[in-house]
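Peer 1: return atomic coordinates for the entry below.
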Amino acid sequence: MSVSHTYSDFRDQQWIQDRKRDRNPDRGSAGADAGPEGGAAGKRARTVGVVRAARELELRRGEFELATQLGHVRAIAGPAAGRRQVTRQEIDRLRAAQGFPDTLRQRVRTVGTAEGAELISVSPGRFTRLARAGCVAPVTFYLNRYRAVVWLYLADELKEFAGREPALLTGRLPLALRHGPDSEDDRRPRNWRGRRIGHLLHQSADPWERAAVVGSVLDPGHLAELVRDPYERACLNRLRPDLAPGHPASEAAQATVRRLLLADDPDEIQWHRGSLDMLLEEARRTGPAPRPGEPVPGPDRQPVDGPPAGDPGDGNPSDPSSPNGLSDPSDLCDASDPCDPSDLCDGRAAPVPVTASGSPLRQDGRKGLLNRLRMRRERRSRHAKAATIFGEACSSEPRDGRHNGHKLPHGSTLRRP
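Peer 2: Numbers count the residues shown, from 1 in each chain. Below you'll find the predicted structure:
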């Protein structure tokens, strides 16, 4: 009785929400015009950045990101690559809605296991069993201080589930959930991946970008087996989206998140392979993958770099030196690390300039605050180590005033004055 949600289900739900929202296009049309002044000031007033939009909609940053993913707030691509904006008409439409801002906040309200169990009047253990079986799908997650995954669910969806399946909230669970073949499987990562892919497919109209969205959950081995052309793989890697929320800094946290990004169930892998095959055929009909020096499909894309010479495309996944044996190209980077998944070519990251201590430089060539603090800490540790060696050497000298040949780290002989 386990349930698996596909991204087509979530995409259809967003389509219905967009249809309901567009039934009254005149609402908020007053904000579409820039005002009687016009000119440059009027053009700037038509769109705002995401930070200002979240502030005007009285949403926290995480709530605003979730609202854009769910389609409650319509964001458009900005003039710079990777920058999104919100039109003034969209902000006025939401602010003019009845019950603002409580209604909008309720749509993006998320709860954890304890609060979700209390919301539908079940025990936390029963709620976890229902979530693991796929009865409810998480919308996002985060890592706590112990690097454990904390899943979050939409409060409105939990209420709908409680009204739709009241038999699962009381009494004994069905036998399929208690002793079925999939009773020990955790469907939460799979359902979250399907939901996230559905949101990204709904937001993208470019065929190559849509193919990159589906290919982002396949490991490099499956991707190289399905996409033989190295130029196509380079294009998909550059357009690969960021599925996970946030950018964990530690290696352990990145490894935990990386396990959630890749499909691991054979049925799920087969489903994504079939979907990617169809999307690739559609993208190839629109045009071939860009070659070196050609612009990558999509708005504000830079020319793509060519694949490495002699890339056969069928390396051994178990060999670290093989291009297909590398880790997932969508590995998250530290916030201070300028590495970008769009800079990857066939699973290989472009070289990043580093300082003398091995820490990466910022994109403008200057050392960031974290790098300066790290270098200062390294200098202090080296000075403390040198002082320790000096103290040990002095304590081991004879009391008759003769030195015993100890040398400092730089080679100078230690002498007593």
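Peer 1: which stretches of the stretch 1-150 of the chain form helices?
Peer 2: Assigned by DSSP state H, counting those that start in this stretch, the stretch 1-150 of the chain shows helices spanning 7-21, 39-46, 50-56, 61-70, 88-95, 102-107, 113-119, 124-132.
Peer 1: list the buried ones in stretch 270-279?
Peer 2: 271-273, 275-276, 279 (16 or more other CB atoms under 10 Å). Glycine gets a C-beta too; all of them are placed from N, C-alpha and C.
Peer 1: in stretch 195-207, what's buried?
Peer 2: Buried residues in stretch 195-207, counted by 16+ other CB under 10 Å: 195-204, 206-207.
Peer 1: of these, closest to Glu225?
Peer 2: Nearest to Glu225 among the buried residues of stretch 195-207 is Ile197, at 19.9 Å by CB to CB.
Peer 1: any idea which element the closest one lies in?
Peer 2: helix 188-203 (DSSP states H and E).
Peer 1: Leu223 and Glu232 touch, don't they?
Peer 2: No - taking CB atoms under 8 Å as the definition, Leu223 is not a contact partner of Glu232, at 9.8 Å.
Peer 1: returning to that earlier point: pLDDT averaged over whichever helix or strand comes after the helix holding Ile197, what's the number?
Peer 2: Of the helices and strands lying after helix 188-203 in sequence (DSSP H and E), the nearest is helix 207-215. In this model, helix 207-215 has a mean pLDDT of 94.
Peer 1: same question for stretch 123-140.
Peer 2: On average, the pLDDT along stretch 123-140 is 93.
Peer 1: could you work out the end-to-end span of it for me?
Peer 2: Using CA to CA, to the nearest Å, the end-to-end distance of stretch 123-140 comes to 22 Å.
Peer 1: name the residues of it that are buried.
Peer 2: Counting neighbours by 16+ other CB under 10 Å, stretch 123-140 gives 127-140 as buried.
Peer 1: what of stretch 90-105?
Peer 2: Residues of stretch 90-105 classed as buried by neighbour count (16+ other CB under 10 Å): 90-94, 104-105.
Peer 1: got those as a markdown table, with pLDDT columns?
Peer 2: Output for those, formatted as a markdown table (pLDDT from 0 to 100):
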| residue | pLDDT |
| --- | --- |
| Glu90 | 93 |
| Ile91 | 94 |
| Asp92 | 93 |
| Arg93 | 94 |
| Leu94 | 94 |
| Leu104 | 93 |
| Arg105 | 94 |
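Peer 1: and the two most separated of those residues?
Peer 2: The two members of the buried residues of stretch 90-105 with the most space between them (CB to CB) are Asp92 and Arg105, at 18.0 Å.
Peer 1: longest helix of this structure?
Peer 2: helix 369-395 (DSSP state H).
Peer 1: His72 reaches Arg107, doesn't it?
Peer 2: Yes - assessed by CB under 8 Å, His72 is found in contact with Arg107 at 5.4 Å.
Peer 1: more neighbours: those two, which one.
Peer 2: Using other CB atoms under 10 Å as the criterion, His72 and Arg107 rank with His72 on top: 20 against 17.
Peer 1: if I look at the more buried one, how far off is Glu90?
Peer 2: Distance of His72 to Glu90, computed by CB to CB, to the nearest Å: 10 Å.
Peer 1: one more: Pro207?
Peer 2: 26 Å.
Peer 1: next one: Pro241
Peer 2: Going from Pro241 to Glu90 by CB to CB gives 22 Å.
Peer 1: also Glu157?
Peer 2: Applying CB to CB, the value for Glu157 to Glu90 is 24 Å.
Peer 1: how about low-confidence regions in this protein?
Peer 2: Counting by pLDDT under 70, the ranges of the chain that qualify are 1-45, 80-82, 179-184, 292-368, 389-417.
Peer 1: and the longest strand for it?
Peer 2: The residue-count maximum for a strand in the chain (DSSP state E) belongs to strand 149-154.
Peer 1: what's the burial count for Ser250?
Peer 2: Ser250: 11 neighbours (other CB under 10 Å).
Peer 1: how about it: what's its closest non-neighbour residue?
Peer 2: Arg147 (7.8 Å; CB to CB, 6 or more residues apart in numbering).
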